[in-house]
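J.: coords please:
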Amino acid sequence: LLYEINMKKSFSEKTSPELTSKVQDWWNKNPFTYLMDNQNISPNWAFFRNIDRKIIKWMPWAQKGYPLLSSVVDYPALKDKKVLDIAVGTGWSTEQLVRAGAHVTAIDLTPRAVELTKKRLELYGLLADSVVVADAQSLPFAGNTFDFVLAFGCLMHIPNTGKAIDEIFRVLKPGGKASAMVYYKHSLHWLYYIFFGKGVLRGELLTMSIQELSNRYTDGAYEEGNQLTKFYSKAELAKMFGKFGKINIRIFDATT
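T.: Down below sits the predicted model:
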């Protein structure tokens, strides 16, 4: 019970311009490439395909080869549909959506990710409707615009995750769908590797808050951690997505 209470108090679900700026700066300097070396980037064919191979290796639950995320995204249903891809990173999800025949708008909080995504699409002769810098907490789109919104692996790094979810709901057309991936609060990775292994056994909770521990040992662990990483329970997610008519929460790969 103490763990649950501390987790709820460890971060504030408020839109913070200062924290958003820190998150933006960190990810701009440390783009999520799924590779060990995120600094010496040569955005060529081999670079992007190495990222794809890592995704297939580390997330087998999400696909069996190409297209990436094919186990969780209904690509045939997206042909000629308007799709918003949030937090595109190096553009691997954007590529899959464009290849599926969707009219894709891709956004990221960082100029670096927008640059890499444009380069990836250019290499393969693909066109998105637009690839732009934008904040998911305040989407620059009219309501009822998109048929589908993908927010893969980003909501837990956003200061006001609830606001971003509300924005997704706002820009979706009636009957539209959204798909998101966030980190699970009761995973073995969090409970045993981070909380118990790093926090308790190594005594790092003596000098770190639980939130600081999460930031330090999730994405960017080799770069001394990122600015913000949150973990959510199924109950918390059900409440945050409460505006949606139908919610389907599935847990994959709970050990990581």
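J.: if we look at stretch 57-73, which residues are touching it?
T.: Around stretch 57-73, the neighbours that count as contacts under Cβ atoms under 8 Å, 6 or more residues apart in numbering are 34, 52, 55-56, 75, 92-93, 96, 99-100, 150, 152, 179, 252-253, 256. Where you see a C-beta, it was placed from the backbone N, CA and C, and this is true even at glycine.
J.: quick one: end-to-end distance for it.
T.: One end of stretch 57-73 to the other measures 18 Å (Cα to Cα, to the nearest Å).
J.: list the buried residues in that stretch.
T.: By neighbour count, and taking 16 or more other Cβ atoms under 10 Å as the criterion, the buried residues in stretch 57-73 are 59, 62, 63, 67, 68, 69, 72, 73.
J.: okay, now residue 87: neighbour count?
T.: As a burial measure, residue 87 scores 24 neighbours (other Cβ atoms under 10 Å).
J.: and if you look at residue 132?
T.: Applying other Cβ under 10 Å, I find that residue 132 has 15 neighbouring residues.
J.: residue 169 too?
T.: Residue 169 sits with 16 neighbouring residues when counted by other Cβ under 10 Å.
J.: helix or strand: which one has the residue nearest to it when sequence neighbours are not counted?
T.: Here the nearest residue to residue 169 in space, its sequence neighbours aside, is residue 243; by Cβ to Cβ, 6 or more residues apart in numbering that works out to 4.9 Å. Using DSSP states H and E, residue 243 falls within no helix or strand.
J.: which stretches of the stretch 51-200 of the chain form strands?
T.: Taking DSSP state E, counting those that start in this stretch as the test, the strands found in the stretch 51-200 of the chain are 82-86, 103-108, 130-133, 146-152, 172-181, 183-184.
J.: sheet partners, orientation included, of the longest one?
T.: Taking DSSP bridges as the criterion, strand 172-181 forms sheet pairs with strand 146-152 (parallel).
J.: do the same with the last one
T.: Based on DSSP bridges, the strands next to strand 183-184 in the sheet, each with its direction, are strand 231-232 (parallel).
J.: could you dump the strands of the stretch 51-200 of the chain to JSON lines with mean pLDDT and distance to residue 27?
T.: Written out in JSON lines, the entries for the strands of the stretch 51-200 of the chain read as follows (pLDDT from 0 to 100; distance: least, Cβ to Cβ, whole Å):
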{"stretch": "strand 82-86", "mean pLDDT": "98", "distance to residue 27": "13"}
{"stretch": "strand 103-108", "mean pLDDT": "98", "distance to residue 27": "8"}
{"stretch": "strand 130-133", "mean pLDDT": "98", "distance to residue 27": "12"}
{"stretch": "strand 146-152", "mean pLDDT": "98", "distance to residue 27": "14"}
{"stretch": "strand 172-181", "mean pLDDT": "97", "distance to residue 27": "16"}
{"stretch": "strand 183-184", "mean pLDDT": "96", "distance to residue 27": "16"}
